[in-house]
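> what's the 3D shape of this:
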Amino acid sequence: MPRKRHNNFHNSLKLLYEGRSKRAKRFRYLLLASDAVIIGYFLFVSMIEAPAWLEFVDYAIAVVMLTDYLARMWLARHKLKYIFMTVALADAVVIVTLLLPAVTQNFAFLRVIRALRLIRSYHMVHDLRGRYRFFAHNEEIVHSVLNLAVFIFFVTALVYVQQVNVNPGISNYLDALYFTVTALTTTGFGDVILEGGGGRLLAVFMMIFGVALFLKLMQAIFRTHKTEFQCPECGLNRHEPDAVHCKHCGTILKIGTDGL
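As a prediction, this is how the structure comes out:
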């Protein structure tokens, strides 16, 4: 009987995390919303002088994340493989920093890795694409916007953690965000600079890799949207929405449209 009850609970949990029912979809929407709230909380706390009672909020968030982590690990077919997945490792680090406040400040920037869940939630992407026409038609743009937001979010966290104790120009997360955006957009006002050897190396990294990636993501957001439709002759998958002929081989295309 206990084994049967165990199997029933396992199956019920699996249906919540991986099922296609309305209940499962609502559950995963709730998970996505909780991730967004947690990220917002981390941002908010980094900008203020946190009172002592916020430690209890950290513990509450740790319990929620630990429950989700253990549930996903239990449902995983290969549990050891799941433990070493990037998202799982990131969640484990976040949970440790929440449960051990003494090391939270040293590893605070690793919390932002939780934001990757907003992009890598494949079930949620599938649900949104099937439920909302806007998402289906603009999926690439939505992904680019999310990638850009997470990239800025992560780089800002690196700047904040590396400079907050040594740079008078960066005393909170907002200062770090201000520097990151001015650096990535190549505006460079010069009123805030990164100090120390580590700061200069981080600035070099941002200028060489960050600016290129930032511009690439911006181009993906603002460039002309293309439609996925496989050409029957050459197999080209991406075309202009109003294309009549394949630009690669000239074959006449019959791309479905919604009209005016």
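> where does the chain dip in pLDDT?
1-4, 6, 46-47, 50, 102-132, 134, 136-137, 223-226, 257-260 (pLDDT under 70).
> now the helices for it?
2-18, 22-46, 54-75, 79-83, 86-99, 101-104, 117-120, 122-131, 133-137, 139-163, 173-184, 196-205, 211-222 (DSSP state H).
> burial-wise, tell me which of those helices comes out on top.
Highest mean neighbour count of the helices of the chain: helix 173-184, a mean of 21 (counted as mean count of other C-beta atoms under 10 Å). C-beta: built from backbone N, CA, C; applies to glycine.
> how big is the angle separating that helix from helix 139-163?
120 degrees (axes from the mean of the first three to the mean of the last three C-alpha atoms, to 10 degrees).
> which other residues reach helix 173-184?
Applying C-beta atoms under 8 Å, 6 or more residues apart in numbering, the contact partners of helix 173-184 are 43, 46-47, 152, 155-157, 159-160, 163-164, 169-170, 187-189, 192, 194, 203, 206-207, 210-211, 214.
> please repeat the previous calculation with a cut-off of 6 Å.
Applying C-beta atoms under 6 Å, 6 or more residues apart in numbering, the external contacts of helix 173-184 come out as 46-47, 155-156, 159-160, 170, 189, 192, 206, 210-211, 214.
> of those residues, closest to Val63?
Using C-beta to C-beta, Ser46 comes nearest to Val63 of these, at 21.2 Å.
> wait, isn't Gln230 in contact with Leu236?
No. Judged on C-beta atoms under 6 Å, Gln230 makes no contact with Leu236 at a distance of 7.3 Å.
> residues contacting Lys79?
Met73.
> and it, how far is that from Phe154?
Taking C-beta to C-beta, to the nearest Å as the measure, Lys79 falls 28 Å from Phe154.
> cool, and Leu75?
Counting by C-beta to C-beta - Leu75 and Phe154 are separated by 28 Å.
> of the helices of the chain, which is nearest Gly256?
Across these, closest to Gly256 is helix 133-137 (C-beta to C-beta), at 11.7 Å.
> apart from its chain neighbours, what residue comes closest to Ala76?
Tyr82 (3.7 Å; C-beta to C-beta, 6 or more residues apart in numbering).
> kindly report the same for Met206.
Ala183 (5.2 Å).
> what do you get for Ala243?
Leu253 (5.7 Å).
> neighbours around the one you found, how many?
19 (other C-beta atoms under 10 Å).
> that one and Ile141: what is the separation?
Leu253 is 22 Å from Ile141, by C-beta to C-beta.
> equivalent analysis for Leu75, please.
32 Å.
> show me the domain layout of this protein.
Per automatic domain parsing, the structural domains of the chain span 1-134, 138-223, 226-260.
> now do the contacts for Leu194.
Counted by C-beta under 6 Å, 6+ apart, Leu194 has contacts Gln163, Leu202, Ala203.
> wait, the first one sits on Asn172?
So the one you mean is Gln163. No. Using C-beta under 6 Å, Gln163 makes no contact with Asn172, being 10.9 Å away.
> leaving out the residues flanking it, which one is nearest to Phe189?
Using C-beta to C-beta, 6+ apart and skipping the chain neighbours, the partner closest in space to Phe189 is Thr182 (5.6 Å).
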